[in-house]
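> Sequence isn't available, so here's the structure alone:
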């Protein structure tokens, strides 16, 4: 059984800080087993980064930072730009990993105690570590 029903991939290439302008931001959303589709930007985007820990309570959502290059070779680019394909890849991979039961292990990375301390402040990149 899947832990989540919706998977969102965001490519924020070039954002240096939470307040940085994100022109060209690409967002893709996959619902259940359906293909990821591009989501148009909201009229007034919110900007914030948070880290709430590694455990996600049932019925709650999670935002993760991922490195699309880990998985983008597994998905055809079709007519997407590189940024669009990165966001598509993250949403698609999250959906597939959750439905196959693999996502849980990525949400609990095997970090050393010092790495876990750093991740508690800065977060970590899903799939790395």
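Done, it's in. All values derive from a computational prediction rather than experimental measurement. Numbers count the residues shown, from 1 in each chain.
> What segments of this protein are helices?
Assigned helices in the chain, in chain order: 82-99, 103-107, 113-122 (criterion: DSSP state H).
> Indicate which one of those is closest to residue 32.
Proximity of the helices of the chain to residue 32 was assessed by Cβ to Cβ; the nearest stretch is helix 82-99, lying at 7.5 Å. From N, CA and C alone the C-beta is placed, and that goes for glycine too.
> Give me the buried positions along that closest one.
Residues 83-99 are the ones in helix 82-99 that count as buried (16 or more other Cβ atoms under 10 Å).
> Give the other helices and strands that that helix contacts.
Using 3 or more Cβ pairs under 8 Å, 6 or more residues apart in numbering; DSSP states H and E, the elements in contact with helix 82-99 are strand 6-11, strand 26-31, strand 37-38, strand 65-66, helix 103-107.
> I'd like those as a markdown table, with distance to residue 125, mean neighbour count and mean pLDDT appended.
Supplementary listing: those in a markdown table, determined by distance: least, Cβ to Cβ, whole Å; neighbours: other Cβ atoms under 10 Å; pLDDT from 0 to 100:
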| stretch | distance to residue 125 | mean neighbour count | mean pLDDT |
| --- | --- | --- | --- |
| strand 6-11 | 13 | 22 | 82 |
| strand 26-31 | 18 | 21 | 85 |
| strand 37-38 | 23 | 13 | 88 |
| strand 65-66 | 5 | 19 | 82 |
| helix 103-107 | 10 | 15 | 86 |
